[in-house]
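1. model the structure of this input:
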Amino acid sequence: MKVLGTVKWLNVKNRYGFITWNDTKEDVFVPQTAKKKNNPRKYLHRVGDEETVKFDRVQGRKGPQAANVTGPGGVPVQGSKYAPNCNYYLRPRGPPHNY
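-> The predicted model follows:
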């Protein structure tokens, strides 16, 4: 069952974070791999703090956990405003090659 929540925080380096479930204000653990749809324009696939998301609440080994995290309506998550855009990292480096 999909429920709505707000991202409390997510640490990309440690690959986990927490979402506050809107119905009960309970914090739900979210591993980095729980995101189902990422913003394709973002290089670092992460959700932004305070972003509204939809997720499946499942029971993990240590308590409630989020799975299949998407944006509201099943759209990709917006991504952090601090995550660079993908096209910056895909541009060629160095002098042009004339083959």
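
2. if Cys53 is in a bridge, with which residues?
-> No, residue 53 isn't Cys; it's Val. Gly5 (DSSP bridges).

3. can you give me the neighbour number for it?
-> Neighbourhood size, Val53 [other Cβ atoms under 10 Å]: 24. Backbone N, C-alpha and C define where each C-beta goes, glycine included.

4. pLDDT wise, what is it at?
-> What the model reports as pLDDT for Val53 is 87.

5. residue contacts, it?
-> 4-7, 19, 47, 69-72, 77 (Cβ atoms under 8 Å, 6 or more residues apart in numbering).

6. what is the nearest of those residues to Phe55?
-> Val69 (4.5 Å; Cβ to Cβ).

7. pull out the buried positions in the helix or strand hosting that closest one.
-> In the assignment (DSSP states H and E), Val69 maps to strand 63-70. For strand 63-70, a neighbour-count test (16 or more other Cβ atoms under 10 Å) marks 64-67, 69-70 as buried.

8. avg pLDDT for it?
-> 88.

9. what is it packed up against?
-> If contacts are counted by 3 or more Cβ pairs under 8 Å, 6 or more residues apart in numbering; DSSP states H and E, strand 63-70 sits against strand 16-21, strand 27-31, strand 52-60.

10. okay, the ones you listed in a markdown table with distance to Pro95 next?
-> Below are the helices and strands packed on strand 63-70 laid out as a markdown table (distance: least, Cβ to Cβ, whole Å):
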| stretch | distance to Pro95 |
| --- | --- |
| strand 16-21 | 41 |
| strand 27-31 | 42 |
| strand 52-60 | 43 |
